[in-house]
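Novice: model the following, please.
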Amino acid sequence: MLTETELTAIVPIALTGVDIPELGNKIQGKVRDIYLRGSERILITTDRLSAFDRVLGAVPYKGQVLNQLSAFWFEQVANVIGSHVISLPDPNVTIAHECEALPVEVIVRGYITGVTKTALWYRYSLGEREIYGHRFPNGLQKNQPLPEPIITPTTKGGPTGHDERLTCDEVVDTGLLNRATWDKVMAAALEIFRRGQAVAAQAGLILVDTKYEFGRLPSGEVVLIDEVHTPDSSRFWKADSYEARLAAGNEPENFDKEFIRLWYAEQGYRGDGEPPAWNTDLAVRASQRYQQVFEMLTGQEFAPGVYPAGERIKAALMHNS
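Specialist: Numbering: from 1, shown residues only. Here you go, the predicted structure:
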């Protein structure tokens, strides 16, 4: 993992774009750039900017961590479902087909947790036992594992945000997806989550919950898109401290974007009004956690500009194109 000095040095310049002119004409760009190559639209993902970066400033090397972790996971689940990836020209960039995103984000939850009014634990603590179409047994405690992972889908973000109140049946009943497509997506999501939990457990982490996005290629094939099992898309807890912290009534130790959210909450910021000042120390500490998750999951030391599994990952991704 990079030292604090190395990370601090790059904080001011971490928000950089990636331009690949040989792909053709860039027709759109912000977080993800879209190029027109002949009649084909090519999506370039770098994850160089997120909602948190706009407030906090860049987390050093976050784009590389997310890009390479997703590449690692695309390889792990390639025999479950294909992806939209074409190739990885360098560790900062994923070149992918721009496909139609399905109008449902698939949230898979392995633990009962959360404090917001839409969270499982909040509603369960009020005495509800039928939540989002799932029946929960009595006796569950906050931050404990569920009897089995469940899916609580949400609609894709729009003017009204995400709809946490969507049930699995409503995805079909409201016409968002047909039954065959939704069944395929649910089966893939649960298997990907199972594999994610197994790899995380071996690495000393707990995969708590995650968000998967799926899309449809022009051929009609349904594929996995966006990030997979990264600190930005999933919640991870440290396994060796989990039981002790739970017994003491403390929250588990977070190794994901929640680390930044909790810092915001400590400053009294919850999204309204003027955000807290940009903070170099927090950016560095967040980067260290992101790198640590990368190293624990992949078994590889994070080094900027270096592929974690080299040609094996690139070959697997090219096979999916």
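
Novice: ok, the residue most central in space within the chain to Arg129 distance?
Specialist: Nearest residue to the geometric centre of the chain (C-alpha atoms, centre = their mean): Ser233, 1.6 Å. The gap separating Ser233 from Arg129 is 29 Å, by C-beta to C-beta, to the nearest Å. Quick note: C-beta positions are derived from backbone N, CA and C, even for glycine.

Novice: again with Leu282
Specialist: 39 Å.

Novice: these two - which one has more neighbours?
Specialist: Taking neighbours as other C-beta atoms under 10 Å, Leu282 and Arg129 compare with Leu282 leading, 18 against 12.

Novice: all helices of the chain, in order?
Specialist: Taking DSSP state H, the helices of the chain run over residues 4-10, 51-56, 62-76, 120-125, 168-173, 179-203, 242-247, 258-266, 280-298, 310-320.

Novice: would you convert those into a markdown table that also reports mean pLDDT and distance to Thr94?
Specialist: A markdown table is the format used below for the helices of the chain (pLDDT from 0 to 100; distance: least, C-beta to C-beta, whole Å):
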| stretch | mean pLDDT | distance to Thr94 |
| --- | --- | --- |
| helix 4-10 | 85 | 21 |
| helix 51-56 | 52 | 18 |
| helix 62-76 | 85 | 6 |
| helix 120-125 | 96 | 32 |
| helix 168-173 | 96 | 27 |
| helix 179-203 | 97 | 18 |
| helix 242-247 | 96 | 32 |
| helix 258-266 | 81 | 23 |
| helix 280-298 | 91 | 15 |
| helix 310-320 | 44 | 8 |
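
Novice: with distance to Leu88 as added columns, please give the ones you listed in JSON lines.
Specialist: Formatted as JSON lines, those follow (distance: least, C-beta to C-beta, whole Å):
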{"stretch": "helix 4-10", "distance to Leu88": "21"}
{"stretch": "helix 51-56", "distance to Leu88": "22"}
{"stretch": "helix 62-76", "distance to Leu88": "6"}
{"stretch": "helix 120-125", "distance to Leu88": "36"}
{"stretch": "helix 168-173", "distance to Leu88": "32"}
{"stretch": "helix 179-203", "distance to Leu88": "20"}
{"stretch": "helix 242-247", "distance to Leu88": "33"}
{"stretch": "helix 258-266", "distance to Leu88": "26"}
{"stretch": "helix 280-298", "distance to Leu88": "14"}
{"stretch": "helix 310-320", "distance to Leu88": "6"}
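
Novice: contacting residues for the closest residue to Leu205 other than its chain neighbours?
Specialist: Spatial nearest neighbour of Leu205, excluding adjacent residues (C-beta to C-beta, 6 or more residues apart in numbering): Phe236 at 4.8 Å. Residues in contact with Phe236, defined by C-beta atoms under 8 Å, 6 or more residues apart in numbering, are 200, 205-208, 254-256, 293.

Novice: and of the residues you listed, the nearest to Thr167?
Specialist: Val208 (21.0 Å; C-beta to C-beta).

Novice: biggest separation within the contacts of Phe236, which pair?
Specialist: Ala200 and Asn254 (13.5 Å).

Novice: neighbour count: the two, which is higher?
Specialist: Set Ala200 next to Asn254 and count neighbours by other C-beta under 10 Å: Ala200 wins out with 23 against 18.

Novice: any weak-confidence spans in the stretch 1-150 of the chain?
Specialist: 12-57, 89-90, 92-93 (pLDDT under 70).
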